[in-house]
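Novice: what follows is a protein structure lacking sequence information:
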């Protein structure tokens, strides 16, 4: 087993383009966000395990159980992993029981003719302000740490993606993000300030994030845990479709505590 310092073009061919959570996988494979990579052969890899900064972990097509065991054990020395599984693709890995199984939901298509999307964009802002997130304002963002987990640095986030803040009188109401670009698709995310939830601000700022992506010729996708019905409701309201669920098998780090 070998460690690669960065993704190489030949790794892309080892993964299925329609794999679950592909919008988090391909930004790593295309070198737009940090990744920890283990391969069987550094010069000519045929098997790969790749982990994102927040732990989402993907195994390449036809990976062997022996390689998977070794690569997982090595990655878990530093921190835990969340192994993404494709329920439609049978495997013979016979994995050990995870510490936790997280069910996730993803939306793989978007209908720009959706009434909810059009209504959100046509709604008067009435004292609300939309601002671009820049390097300075990013330090004050609600989701600063989450975005850094994906992107590594603010500069990397803003080089490949963008974010919008919905505010009133200088107070942040909600933030919308398009931080991950892979295969010309952006993963959309949104967070509402706790004091302003339930007022439609997340739907509004998300619509503007989607609109900017579409103006740039970039497709959009959305994902969340199945135990986050509010996020799923926003996606459906805006016109996201192509729903499917998949499990993420979470394994804790084996690094000694203390």
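Specialist: Ah, there it is. What you see is a predicted model, and the numbers here were worked out from it, not measured in a lab.

Novice: quick one: the closest residue in space to residue 36 that isn't next to it in sequence from residue 129, how far?
Specialist: Excluding the flanking residues, the one nearest residue 36 by Cβ to Cβ, 6 or more residues apart in numbering is residue 51, at 4.5 Å. Just so you know, the C-beta spots here come from the backbone N, C-alpha and C atoms, and that holds for glycine as well. Between residue 51 and residue 129 the distance, using Cβ to Cβ, to the nearest Å, works out to 38 Å.

Novice: next, count neighbours for residue 93.
Specialist: Residue 93 has 14 neighbouring residues, counting by other Cβ atoms under 10 Å.

Novice: to which secondary structure element is it assigned?
Specialist: Residue 93 belongs to no helix or strand when elements are defined using DSSP states H and E.

Novice: before we move on, back to that, give me the neighbour count for the residue nearest to residue 36.
Specialist: A count of neighbours around residue 51, defined by other Cβ under 10 Å, yields 25.

Novice: enumerate the beta-bridge partners assigned to it.
Specialist: The bridge-partner assignment for residue 51, based on DSSP bridges, gives residue 36, residue 57.

Novice: residue 71 is in contact with that one, correct?
Specialist: No. Here residue 51 lies out of contact with residue 71, judged by Cβ atoms under 8 Å, at a distance of 9.4 Å.

Novice: ok, residue 81 - contacts?
Specialist: Contacts for residue 81 were tallied using Cβ atoms under 8 Å, 6 or more residues apart in numbering; they are 51, 55, 57, 72, 75, 250, 251.

Novice: rerun at 10 Å
Specialist: Residues counted as contacts of residue 81 (Cβ atoms under 10 Å, 6 or more residues apart in numbering) are 36, 49, 51-52, 55-58, 71-72, 75, 98, 248-253.

Novice: from residue 16, how far off is the closest residue to it other than its chain neighbours?
Specialist: The spatial neighbour of residue 81 that comes closest, neighbours along the chain excluded (Cβ to Cβ, 6+ apart), is residue 57 at 4.2 Å. Counting by Cβ to Cβ, the gap from residue 57 to residue 16 is 15 Å.

Novice: same deal with residue 150?
Specialist: Distance, residue 150 to residue 16, by Cβ to Cβ: 21 Å.

Novice: the more surrounded of these two?
Specialist: Taking residue 150 and residue 16 together and counting by other Cβ under 10 Å, residue 150 has the greater number of neighbours (25 against 13).

Novice: chain center to the strand or helix carrying that one: distance?
Specialist: Taking DSSP H and E as the definition, residue 150 sits inside helix 144-151. Averaging C-alpha coordinates over helix 144-151 and over its chain gives two centres that are 10 Å apart (Cα atoms, centre = their mean, to the nearest Å).

Novice: cool, stretch 247-258 as well?
Specialist: On the basis of Cα atoms, centre = their mean, stretch 247-258 is displaced by 20 Å from the centre of the chain it belongs to.

Novice: who's in contact with it?
Specialist: Outside of stretch 247-258, the residues within contact range by Cβ under 10 Å, 6+ apart are 20-21, 55-57, 72-87, 95-104, 225-226.

Novice: please apply the same query to stretch 228-243.
Specialist: Residues from elsewhere that reach stretch 228-243, judged by Cβ under 10 Å, 6+ apart: 104-121, 188-192, 197-198, 200, 202-204, 206-207, 209-210, 220-226.

Novice: buried set for it?
Specialist: 231, 232, 234, 235, 237, 238, 239, 240 (16 or more other Cβ atoms under 10 Å).

Novice: pretty sure the fourth one sits in a helix.
Specialist: Yes. In this structure, residue 235 lies within a helix as judged by DSSP: H, G, I helix; E, B strand; the rest coil.

Novice: switch to numbering from 48
Specialist: Sure thing, new numbering starts at 48, so read that last one as residue 282.
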